[in-house]
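Asks: The sequence and its predicted three-dimensional model are supplied below.
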Amino acid sequence: MTTPANRASRHTPNRRGEGDRLRRDLIAAANKLLAQGVSHEKLSLRAVAREVGIAATSVYLHFPDKMSLLLAVYQEHFEVLARHLEEAVAEHAAPADQLRAIAHAYCRFAGEHPDAYQVMFNVPGSTTRPPRAIGEEERPGLPAVRIVQRVISACVDAGIARITDPWTATLCLWGALHGVLSLRTARPTAPWPPVEDLIDAIVATHLTTPAARQ
């Protein structure tokens with residue numbers, strides 16, 4: 001029978017690549033616990049270590065604190081989201097069409113990666129002060145936010161944006177899209193219109209001119 005001690009020995013970083021594998025295992029274990037509904041507050045390095053099958057002290061070989069591990073989890077998910085958004089933008093030249101494409105790409109990401117979306121946007125965050133300040137460039141979601149801001153800035157420059165502050169518009173768009181996705185999940189039997197129509201309606205509220213349908 002495999003015991004925790006035996007599993008821990010397999011994770012001892014004594015071979016080339018073993019340390020990287022353990023780091024990936026720790027990120028995957030933390031992500032699994034978060035996807036199961038564990039909040040930032042209740043997630044512990046001890047629980048993550050137990051999920052992997054190693055001694056709790058081994059976690060510190062890769063992550064000095066829980067915040068570092070959480071940032072690593074979110075970094076992986078937001079890199080995928082940012083790639084989806086960039087690919088959507090690249091398919092269109094007009095800012096209005098780019099904004100519509102971004103909104104649809106965001107919602108497709110949620111549908112194609114439901115566990116990741118749950119972790120990224122639905123797991124309760126910490127209400128206590130983090131052990132250290134998180135620099136702006138450390139924030140995993142920043143590249144994705146900047147993509148949306150860039151497109152909205154282009155809409156502002158083109159004179160077609162109803163909200164002329166790109167940051168405010170980005171938050172409003174994000175909140176509206178997330179709200180629709182969350183409501184459809186929470187109340188699936190409600191008489192919802194097709195999600196594509198809802199997305200188009202949200203984008204339309206941000207523009208003075210309609211975006212073209214794909």
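Replies: Alright, I've got the coordinates. Numbers count the residues shown, from 1 in each chain.
Asks: Can you read off the pLDDT for residue 130?
Replies: Per-residue pLDDT puts residue 130 at 66.
Asks: Same check on residue 14?
Replies: 49.
Asks: Over to the one 4 residues further on?
Replies: With respect to pLDDT, residue 18 has a value of 67.
Asks: got it, and residue 209?
Replies: Predicted confidence (pLDDT) for residue 209: 80.
Asks: so what's it closest to, chain neighbours aside?
Replies: residue 160 (4.8 Å; Cβ to Cβ, 6 or more residues apart in numbering). Backbone N, C-alpha and C define where each C-beta goes, glycine included.
Asks: Quick check, the one you found in contact with residue 98.
Replies: No: Residue 160 lies out of contact with residue 98 (Cβ atoms under 8 Å); the separation is 11.3 Å.
Asks: ok, these two, which is more surrounded?
Replies: The residue with more neighbours, out of residue 160 and residue 98, is residue 98; 24 against 18, by other Cβ atoms under 10 Å.
Asks: Tell me how far the strand or helix carrying the more buried one lies from the chain's centre.
Replies: Using DSSP states H and E, residue 98 falls within helix 95-112. With Cα atoms, centre = their mean, to the nearest Å as the basis, helix 95-112 stands 14 Å off its chain's centre.
Asks: Can you mark which positions in it are buried?
Replies: Neighbour-count burial for helix 95-112, counted by 16 or more other Cβ atoms under 10 Å, picks out 95-107, 109-110.
Asks: which ones are touching the residue nearest to residue 209?
Replies: 95-96, 207-209 (Cβ atoms under 8 Å, 6 or more residues apart in numbering).
Asks: Ramachandran angles for residue 161?
Replies: phi -100, psi 130 (degrees, to the nearest 10).
Asks: what separates the residue nearest to residue 209 from residue 211, distance-wise?
Replies: 9 Å (Cβ to Cβ, to the nearest Å).
Asks: Overlap of the contact sets of the two?
Replies: If you check residue 160 and residue 211 against Cβ under 8 Å, 6+ apart, the residues they both contact are residue 96.
Asks: mind checking which helix or strand of the protein has the lowest mean pLDDT?
Replies: Lowest by mean pLDDT, DSSP states H and E among the helices and strands of the chain is helix 4-10, with a mean of 41.
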